[in-house]
Each structure stands twice: as structure tokens, then as C-alpha cells.
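# Sequence first, then the predicted structure, then my questions.
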Amino acid sequence: MAGWTSDDARPLSRESLTALFDNEIPAIRIPAFAAPGECCAFADAMRQCTPRVVQGATEHSAPAFTGQPIVFIGLTQYEFKYRPMSDYLDAADASRAEVAPVLAAAFDPVERLMARLAPLSNGEVGIAQEPGGRRYSSTIIRNSNAGLSLHADFAPYQAPQLTVSACDAQLAWNFYAEVPAGPGGHTTIHNAPWHWQRGTAGEIAENYPLDPADVAGAESFTFRPEEGEVVLFNSRNPHEVFRVEDPGPKDRIGLATFIGRMPSGALHLWS
Ligand SMILES: [Fe+2]
């Protein structure tokens with residue numbers, strides 16, 4: 001596989017955005033994406049919500065693998081990968097009301113990021129939707145103190161029922177509102193893009209967990225999030241989040257979505 005042209009994350013620019021989609025650089029970091037007061041308001045509002053807790057593993061995961069608990073509000077399509085599309089779309093509508101109090105108390109990171117990306121993109125930037133116009137979910141706000149096992153995310157493999165499965169590359173981005181002092185809580189990205197072959201029409205790839213042997217010997221990039229920053233990376237690269245060892249008074253709280261680069265050059269966001 002081709003090596004990254006940089007050891008380190010790059011600032012956001014038209015060039016770095018293209019390079020990240022093309023997996024030429026490990027990450028893009030946007031420091032001070034939010035002001036300290038916005039971060040506090042965001043994290044405090046999240047703590048006022050009643051989150052759901054799901055176990056990362058599903059009945060389709062490897063035997064004996066339980067995964068870390070994911071504590072969140074909002075929605076991920078991951079939970080709906082084996083369910084009818086209408087269930088996901090209905091839940092997406094409901095999830096917008098669920099996250100609204102947090103966005104109202106602080107700010108809307110999705111809108112802010114889309115505004116930053118629009119002048120850098122070769123096409124429109126917007127929330128992904130069905131051909132009929134129903135919008136996908138575009139927000140998950142979670143406490144990731146427990147970490148996340150090695151996995152990759154790529155809609156053409158995992159979500160053939162979504163319009164974004166036509167994307168030619170996919171990024172994940174996280175806004176970090178609150179970060180414990182640690183140790184732990186860091187993220188490692190491995191330059192070993194996930195490859196999988198569909199056996200039968202409509203087959204859905206399992207991505208959680210991936211085998212550590214898949215990334216053995218690959219170059220990697222590790223970062224510890226800073227409060228207020230956004231970090232984007234190519235989610236087809238296997239990545240893992242290490243458990244926060246001693247959170248203390250703070251939690252690892254952030255918002256995430258995916259960004260698919262469509263054949264037209266448009267950037268479509270979903271979660
Ligand atoms: Fe991921």
C-alpha cells in the first residue's frame with residue numbers, strides 16, 4: 001500500500017481534504033473549532049440527556065466478542081444495517097429531536113463543519129438523503145470513555161441500501177467537546193485500507209472487530225484529542241480508540257458523523 005506523504009495531521013484546506021479522501025495523509029485537525037464556553041455548554045447539555053447504551057457487538061459479530069458499551073444520543077445507521085430502511089429513516093427523524101437540546105444549548109457542529117467544507121469542496125455539501133428526499137441521521141453524540149475496538153467504516157461494504165454507498169471514499173470526523181486528562185483516550189489510525197469482497201447481492205460486511213493481523217506492519221498515526229478541536233480521518237483505514245484509564249471529573253464527549261465523497265464531487269454527511 002502507498003505510504004502517507006506526511007507523518008502528521010494537516011490543517012484543513014482544499015488540498016488536504018482531497019489528500020485525506022485519497023488516503024495520502026493520516027488526518028486533518030481543526031484546532032479551536034469551538035470556543036471553551038461552547039464546549040462546556042455542549043458537554044453539560046449532553047449530561048442532562050438520558051443516553052442509550054448499546055453493546056458494540058451484534059449477533060453478527062465474532063463469537064465471544066462483546067465490544068465496549070457505547071453511551072450516546074442521536075443515531076447511527078450501524079444499528080439498522082439489518083433492518084428495513086424505513087426503520088432507520090423513522091429513527092433519524094426522532095433522533096433530531098433528541099439531540100436538539102444539546103445543539104440549542106451550545107451550537108450545531110454539523111452546520112459549522114459543513115460551512116467550513118463548502119468552499120473547499122468540488123460539489124455541494126449537505127446531509128445525505130433518500131432519492132425521495134427523506135434525510136438520513138447526521139448526529140451521534142457519545143461518551144467514548146470505554147474505547148472502541150479495531151474496526152473500519154466504509155458504506156459501499158456495510159450499507160448497500162444507503163445512497164451514500166455510491167461514495168468513492170469516506171471520512172469520519174469527530175468534534176471533541178470534553179476530554180479527560182487520561183491516560184488512555186487516544187485514537188490510532190492504521191494505513192491499511194479495508195478491502196472486502198461481496199459474495200452475494202446485498203451482502204453486508206461485518207467490520208467490528210477487525211483482526212489486528214490486518215494492520216500488522218502498517219504505518220499508523222495516534223492522536224490524543226484536544227477539547228474544542230475537530231479531527232477528520234479516512235474511515236476506511238482501520239482505527240481504534242483506547243479506553244480512558246481514569247476519567248476523573250471529565251468524560252470523552254464528542255459528536256461524530258461520516259462524510260462520503262460522491263462521484264459528482266458532492267460531500268454527503270450521515271451517521
Ligand atoms: Fe469508526
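Happy to help now that I have it.
# Can you tell me the closest non-neighbouring residue to Ala118?
Val125 (4.7 Å; Cβ to Cβ, 6 or more residues apart in numbering). In this view, the C-beta of every residue, glycine as well, is placed from N, C-alpha and C.
# quick one: contacts for the one you found?
Applying Cβ atoms under 8 Å, 6 or more residues apart in numbering to Val125 gives the contacts 114, 117-118, 266-267, 269.
# Going toward the C-terminus from the one helix or strand Ala19 maps to, what's the next helix or strand?
Element membership of Ala19, judged by DSSP states H and E, is helix 14-21. The helix or strand immediately downstream of helix 14-21 is strand 28-30, counting by DSSP H and E.
# how much distance is there from the helix holding Ala19 to the middle of the chain?
17 Å (Cα atoms, centre = their mean, to the nearest Å).
# same for it, what does it pack against?
Using 3 or more Cβ pairs under 8 Å, 6 or more residues apart in numbering; DSSP states H and E as the contact test, the elements touching helix 14-21 are strand 28-30, strand 169-178, strand 230-234.
# nearest to Pro69, of those strands?
Ranking these by proximity to Pro69 (Cβ to Cβ) places strand 169-178 first, at 18.1 Å.
# Note down every partner strand of the one helix or strand in the chain whose mean pLDDT sits lowest and its orientation.
Lowest by mean pLDDT, DSSP states H and E among the helices and strands of the chain is strand 52-55, with a mean of 86. Looking at strand 52-55 with DSSP bridges, its partner strands are strand 69-74 (antiparallel).
# what comes up buried for the strand it pairs with?
Neighbour-count burial for strand 69-74 flags 70-74 (criterion: 16 or more other Cβ atoms under 10 Å).
# Repeat that for stretch 20-34.
In stretch 20-34, counting by 16+ other Cβ under 10 Å, buried: 20-21, 23-30, 33-34.
# What segments of the stretch 151-271 of the chain are helices?
155-158 (DSSP state H, counting those that start in this stretch).
# How far away from the center of its chain is stretch 109-129?
15 Å.
# repeat for stretch 261-271
14 Å.
# angle of the one helix or strand Ala97 maps to against strand 169-178?
Assessed by DSSP H and E, Ala97 sits inside helix 85-105. Relative orientation of helix 85-105 versus strand 169-178 (axes from the mean of the first three to the mean of the last three Cα atoms, to 10 degrees): 40 degrees.
# so what secondary structure elements neighbour helix 85-105?
Checking 3+ Cβ pairs under 8 Å, 6+ apart, helix 85-105 ends up next to helix 36-48, strand 69-74.
# try 10 Å
For helix 85-105, the elements it packs on are helix 36-48, strand 69-74, helix 109-117, strand 140-143, strand 253-261, judged by 3 or more Cβ pairs under 10 Å, 6 or more residues apart in numbering; DSSP states H and E.
# Fine by me, thanks again.
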